[in-house]
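sharing a model that was predicted from the sequence below.
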Amino acid sequence: MVIVAAANANANANVLKMEKIRDDIQLPIIDLLSSKSNRSQVSKQIVKACEEYGFFKVINHGVPQEIITQMEEEAHNFFSKPGSEKERAGPANPYGYGCKNIGLKGDMGEVEYLLLQTNSPFINSKYYISQDPNKFRCRVNGYVEAVRELACEVLDLIGEGLGLGLGFLSELIRDVQSDSVLRLNHYPACCDVIDKSASKIGFGEHTDPQILTLLRSNGVEGLQISLEEGVWVPVNPHPDSGFCVNVGDVLKVMTNERFVSVKHRVVVNSYKARTSIAYFAAPPLHATITNCLPDKDKGNPIYTSFTWGDYKKATYTCRLGDTRLNHFKFHNNN
């Protein structure tokens, strides 16, 4: 079913215009526990989800609830601080604390965030984040290690499903020089919206540049994906125990567009604050990104080869919603 969400025409420019919202699509839910008894079937399910949606959810993922709870507590503690204290962890350039400003090209949203490199020296020493930095560092490291293992398991299942073999993709984020990052997001309650059916942009439409993203939220709705131009699909936050997984631009290139890296955004449309934690799995800066499908499936390459460092630099020169991969397409594919 397609419904239309209309926003107050007199509200500021950040309020969404009339758009089509599809509420009849549910993302696939993959039970990773099944991979112990039927790995091939789970692998096929994940590959299909990456081809059709670019998004799916995983349950029975093996990340201990205690580790998740501790990380969520740290996020809550940080965002509960007065603004002056949070600003001591910023500005985000690109790492650290940011508020409303997203990236370096003037994009804005109803969000505050903390972006961290996933290594302990940065977490512990560069910015003031916590009154107990050792506890914060340990909890972040524990969370990162657990979700990295989950990301590696998903990538191994993808690799097997594509005929690439165990470890082909996951070794990129196991590398000690992996450029993976962790971002804590907080979208304050939108109390200034009188019409509860109206929406504000929390985080504007974009694709994730990395290989894979693993996302958890506090159960508040807001994430939407665009499977076709001008149409948005709200992502139900349930089941509470699950992680939302999505394909990044790097994996789209490595599969020669067999997988889709779809635009998504977060809207703020309620009186309840949304908090999310995103792990962005990325290769080392020097890693070469190219079509890696087996010869029988390779086809004509759509993109030139480039390093992750080159692509990361390109993202800083673009607006949030730009299609950055167009700069790396072969001319005959433009």
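Arrived safely, thanks for sending.

every contact and neighbour count from this point should use C-alpha atoms.
Will do.

point out where this protein drops to low pLDDT.
1-18, 120-128, 191-198, 270, 331-334 (pLDDT under 70).

repeat the analysis, applying 80 as the threshold.
1-19, 104, 119-128, 190-199, 269-271, 331-334 (pLDDT under 80).

how about the helices in it?
39-52, 65-79, 83-86, 120-125, 133-162, 171-174, 249-254, 295-298, 308-316 (DSSP state H).

mean neighbour count and distance to E110 for those helices - can I get that in a markdown table?
Formatted as a markdown table, the helices of the chain follow (neighbours: other C-alpha atoms under 10 Å; distance: least, C-alpha to C-alpha, whole Å):
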| stretch | mean neighbour count | distance to E110 |
| --- | --- | --- |
| helix 39-52 | 19 | 29 |
| helix 65-79 | 17 | 14 |
| helix 83-86 | 14 | 15 |
| helix 120-125 | 15 | 25 |
| helix 133-162 | 20 | 25 |
| helix 171-174 | 20 | 31 |
| helix 249-254 | 25 | 25 |
| helix 295-298 | 10 | 42 |
| helix 308-316 | 16 | 20 |
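
so what's the residue nearest in space to the middle of the chain closest to, chain neighbours aside?
When C-alpha atoms, centre = their mean is applied to the chain, the residue found nearest the centroid is T213 (4.1 Å). Leaving aside its chain neighbours, T213 sits nearest to F280 (4.6 Å; criterion: C-alpha to C-alpha, 6 or more residues apart in numbering).

in the sheet, who's paired with the one you found?
With DSSP bridges as the criterion, F280 is bridged to V181, T213.

how much space between it and S199?
Separation of F280 from S199 (C-alpha to C-alpha, to the nearest Å): 26 Å.

nearest to I25, out of the helices of the chain?
helix 39-52 (11.8 Å; C-alpha to C-alpha).

what lies in contact with that closest one?
28, 30-32, 34-35, 55-56, 157-158, 160-162, 246-247, 258-260 (C-alpha atoms under 8 Å, 6 or more residues apart in numbering).

mind giving me the PyMOL select for those, buried ones only?
Only the buried entries of these go into this PyMOL selection, using 16 or more other C-alpha atoms under 10 Å:
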select buried, resi 28+30+32+55+56+157+158+160+161+162+246+247+258+259+260
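
longest strand of the protein, counting residues only.
strand 107-117 (DSSP state E).

mind giving me the packing neighbours of that strand?
strand 96-102, helix 120-125, strand 181-187, strand 200-206 (3 or more C-alpha pairs under 8 Å, 6 or more residues apart in numbering; DSSP states H and E).

switch the cut-off to 10 Å
helix 65-79, helix 83-86, strand 96-102, helix 120-125, strand 181-187, strand 200-206, strand 263-268, strand 274-281 (3 or more C-alpha pairs under 10 Å, 6 or more residues apart in numbering; DSSP states H and E).

pull up the pairing partners for it, direction included.
The strands beside strand 107-117 in its sheet (DSSP bridges) come out as strand 96-102 (antiparallel), strand 181-187 (antiparallel).

okay, buried residues for that strand please.
M108, G109, E110, V111, E112, Y113, L114, L115, L116, Q117.

give me the nearest residue to the first one, chain neighbours excluded.
Spelled out, that is M108. Per C-alpha to C-alpha, 6+ apart, closest to M108 is N101, 4.8 Å.

same deal with the fourth one?
Nearest residue to V111 in three dimensions, chain neighbours excluded: Y187, at 4.8 Å (C-alpha to C-alpha, 6+ apart).

right, and that neighbour touches V266 too?
Yes - between Y187 and V266 there is a contact under C-alpha atoms under 10 Å: 9.0 Å.

dump the residue contacts of I25.
M1, V233, P234, V235, N236 (C-alpha atoms under 10 Å, 6 or more residues apart in numbering).

the residue nearest to the third one when sequence neighbours are not counted pairs with what?
Read that as P234. Counting by C-alpha to C-alpha, 6+ apart, Q224 is the residue found nearest to P234 once chain neighbours are left out, at 4.3 Å. Counting by DSSP bridges, Q224 forms beta bridges with P234, R265.
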